[in-house]
Every structure is written in structure tokens, then in C-alpha cells.
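Take a look and give me a structure for this.
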Amino acid sequence: MSFDRVTITDKARLIVDQLREQHGQLMFHQSGGCCDGSSPMCYNASEFMVGSRDVLLGEIHGCPFYMAADQFEYWKNTHLTIDVTEGRGASFSLEIPLGVRFVVVSRLFSDEESANLNPIQTAGHSI
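Residues are numbered from 1 along each chain as shown. Coordinates of the predicted model:
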């Protein structure tokens, strides 16, 4: 059995569905803390350039989820659940005009999960 590094709540899935209808194919990138702390940002997939060192943690509700490699070093032992909450963030993420923002709920992986994690990818190579 393998374990995902990132998942999404049903409430957040509904927002992704709304955004997909409006903007087309989407992707997520875990913010490094510049503008809005460390928040999951949702973008139109064709309007965000993934860096060569960004890692693909997995897919949530049909959307790839990326994080910068240096930030991943801090989060590599942590499971991320993407949720949504009311309130406007100060980011460029697509959900902001809806009056909501995506948030991360995190927890450490169990020993069993750590031993059976799905691999990540960076620059097209599995790690």
C-alpha cells in the first residue's frame, strides 16, 4: 500500500470545481511565504511556470501539486491536506475573488506511511 503526500477535503474540491469551470485546467503550488505566508496557491495551469527544482508532490482532484525543493526539505515528513476557509487572503491564488482561501492542514507521517510514500518528481525524475 502506498500513501499520498497531499490530499484535499470535499469542501475544497467544490471550490476547485468552480475554479476549473471558470479558468480551465488548474495546478497548485505551495507558496514559499513571500506574500501570504506559506499558503497553497491555485493557478491556471498554463499561466504558472514551474521551476526546474520544484517537486511534484502528487495530484489533488485532477490538479498537480508542486512545492519548491528547498521548502520540501522542511515538509518532507509531513502529510498535507488542502482545505478552504472563508476570508480573503493576500495572494494571487484564483479562489480569492470567491471570498475564500485555500489553507494547509499538516501532520507528521506515521512510520508506516513514511516507509510507503508515493515518490515525488523533480525536473521529470522520480526521487
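
could you give the mean pLDDT of stretch 83-90?
The average pLDDT for stretch 83-90 rounds to 87.

mind checking how far that stretch is from the chain centre?
The chain centre lies 15 Å from the centre of stretch 83-90; the measure is C-alpha atoms, centre = their mean, to the nearest Å.

With stretch 40-58 instead?
Using C-alpha atoms, centre = their mean, the offset of stretch 40-58 from its chain centre is 9 Å.

What lies in contact with that stretch?
Here stretch 40-58 makes contact (C-beta atoms under 8 Å, 6 or more residues apart in numbering) with 4-6, 16, 19, 23-31, 63-70, 72, 80, 82, 91-95, 102-104, 118, 120-123, 127. Every residue, glycine included, has its C-beta placed from N, CA and C.

what about that stretch, start to end distance?
13 Å (C-alpha to C-alpha, to the nearest Å).

buried ones in that stretch?
40, 41, 42, 43, 50, 54, 55, 56, 57, 58 (16 or more other C-beta atoms under 10 Å).

and if you look at stretch 117-124?
Under the neighbour-count criterion of 16+ other C-beta under 10 Å, stretch 117-124 has 117, 120, 121, 122 buried.

For the chain, just list every one of the helices.
Along the chain, the stretches classed as helices by DSSP state H are 10-23, 69-75, 111-115.

Turn those helices into TSV, including mean neighbour count and distance to residue 86.
What follows is the helices of the chain, written out as TSV (neighbours: other C-beta atoms under 10 Å; distance: least, C-beta to C-beta, whole Å):
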stretch	mean neighbour count	distance to residue 86
helix 10-23	15	11
helix 69-75	14	25
helix 111-115	11	31
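
and the ones you listed, which one's lowest on average pLDDT?
What stands lowest among the helices of the chain, in mean pLDDT terms, is helix 69-75, with a mean of 89.
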